[in-house]
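In: Output the structure for:
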Amino acid sequence: MYRKGSTGAIIASMMVFSGTPVMSANEIGTVSIKFAGEKDWAAECTFHKASGKARDVRRTGRGFNSIKSIAMRSVMSGKCSLNVPDETTLKVTFSATGPIDCPFEDKENCTAIFASSGKIMFSF
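Out: Just a heads-up that it's a prediction; the model follows:
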């Protein structure tokens, strides 16, 4: 039999001792990635969430000027793998809040244009 009010203490102790790291609001952020390209490009991103779980998201484009995006909250880090077809480019625009930095050389616009060179990866 539980005393009144003990349920909250049990839940709190389960969260602390569950093996999932307790993250502060300063260690997580929101990530938004926009992809714009031609032909049959593909992007597969893995987001490492504050909960300790990883979430995989895939976007594909087809045809002329195909635009797709991904947005994810409570992100600690992640990586994306891009497949850019021959004779085309894929423009990637990245934005994030919190401690997550721009993964591209163009830090001001946080945009990169990848030419057809097969599989490309970037991390954040």
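In: what's the neighbour count on the residue nearest to residue 61 when sequence neighbours are not counted?
Out: Once flanking residues are discounted, residue 61 sits nearest to residue 41: 4.8 Å by Cβ to Cβ, 6 or more residues apart in numbering. In this view, the C-beta of every residue, glycine as well, is placed from N, C-alpha and C. Counted with other Cβ atoms under 10 Å, the neighbours of residue 41 add up to 23.
In: Would you agree residue 41 is in contact with residue 67?
Out: No. Counting by Cβ atoms under 8 Å, residue 41 stays clear of residue 67, with 10.8 Å between them.
In: So for the two, which residues contact both of them?
Out: 35, 61 (Cβ atoms under 8 Å, 6 or more residues apart in numbering).
In: per-residue confidence at residue 101?
Out: At residue 101, the model reports a pLDDT of 95.
In: same thing with residue 3?
Out: pLDDT, read off for residue 3, is 45.
In: What of the one 4 residues further on?
Out: In this model, residue 7 is scored at 41, pLDDT.
In: Next one: the closest residue to residue 100 other than its chain neighbours from residue 82, what distance?
Out: Nearest residue to residue 100 in three dimensions, chain neighbours excluded: residue 29, at 4.5 Å (Cβ to Cβ, 6+ apart). According to Cβ to Cβ, to the nearest Å, residue 29 stands 21 Å off from residue 82.
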